[in-house]
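In: Need a 3D model of the following:
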Amino acid sequence: MTEDTIDSLIPYDEIVQDALRAVVGRVLGEVERHGLVGEHHFYITFKTHAAGVDIPTHLTQRFPDEMTIVIQNRFWDLKVDEQGFEVGLSFNQQACRLVIPFSAISSFVDPAVNFALQFHVDLDENDEQAIEHAENDAPDGAGPIATPVEDGSNVVSVDFGRRK
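Out: Model (predicted):
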């Protein structure tokens, strides 16, 4: 064996990411058809400025980099296709429609069964904004701890600090 590494001509990382995003699509598709069952609910984190994301301006202003939504009790009009999903959620008692491509998702968590997926999100140079430290980013990125916000919205506060 040589110490020279061979560059793969097969983009394995990209293939795996696409396959795992298909898991999210299949799960959300089941919820679209049958509703949430048991204690299942989802925390979905996505890049707010990724290509194809369509959310109200007040949400992109509040969450200039990344946002986590909760699909649990109060959501409506969930529609899933091969590219992504759209869903109605309430933020501060204001109904909003969100369109989120699977390629914008950075994290999918179902805490009812301790299931979580992390994704790499490629931002197009035209979509990426120079954000040094967004208000919803934690200082040391050591793993998310999600806690529901008590303002009646479907937003989750995610603490990326170390677990104690």
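In: what about T68, how many residues close to it?
Out: Neighbours of T68 under the rule other C-beta atoms under 10 Å: 21. To be clear about C-beta, it is placed using only N, CA and C from the backbone, and glycine gets the same treatment.
In: before we move on, what about V87?
Out: For V87, using other C-beta under 10 Å, the count is 22.
In: That one: what's it in contact with?
Out: 69, 71, 75-79, 97-98, 100 (C-beta atoms under 8 Å, 6 or more residues apart in numbering).
In: closest to E86 among the residues you listed?
Out: K79 (5.0 Å; C-beta to C-beta).
In: which residue is nearest the centroid of the chain?
Out: T45 (2.5 Å; C-alpha atoms, centre = their mean).
In: I figured that one was touching S106, is that so?
Out: Yes. If you go by C-beta atoms under 8 Å, T45 and S106 touch, sitting 5.0 Å apart.
In: Need the overlap of contacts for the two.
Out: With C-beta under 8 Å, 6+ apart as the test, T45 and S106 both reach E66.
In: In the sheet, which residues pair with the residue nearest to the centre of the chain? Tell me.
Out: Using DSSP bridges, the bridge partners assigned to T45 are T68, S107.
In: okay, the helix ranked longest in the chain in CSV with CA atoms only?
Out: Looking across the chain with DSSP state H, the single longest helix is helix 12-34. What follows is helix 12-34 as a C-alpha-only set of coordinates in CSV (Å, rounded to 0.1, in the frame of the first residue of the first chain):
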residue,chain,number,x,y,z
TYR,A,12,-19.7,9.4,-2.4
ASP,A,13,-20.4,12.2,0.1
GLU,A,14,-22.9,13.8,-2.3
ILE,A,15,-24.6,10.5,-3.0
VAL,A,16,-25.0,9.7,0.8
GLN,A,17,-26.3,13.3,1.5
ASP,A,18,-28.9,12.9,-1.3
ALA,A,19,-29.9,9.5,0.1
LEU,A,20,-30.3,10.8,3.6
ARG,A,21,-32.3,13.8,2.4
ALA,A,22,-34.6,11.3,0.7
VAL,A,23,-35.3,9.8,4.2
VAL,A,24,-36.5,13.2,5.3
GLY,A,25,-38.7,13.4,2.2
ARG,A,26,-40.2,10.0,2.8
VAL,A,27,-40.9,10.7,6.5
LEU,A,28,-42.6,14.0,5.7
GLY,A,29,-44.5,12.4,2.8
GLU,A,30,-45.9,9.8,5.3
VAL,A,31,-46.9,12.7,7.6
GLU,A,32,-48.6,14.5,4.6
ARG,A,33,-50.6,11.3,3.8
HIS,A,34,-51.4,10.0,7.4
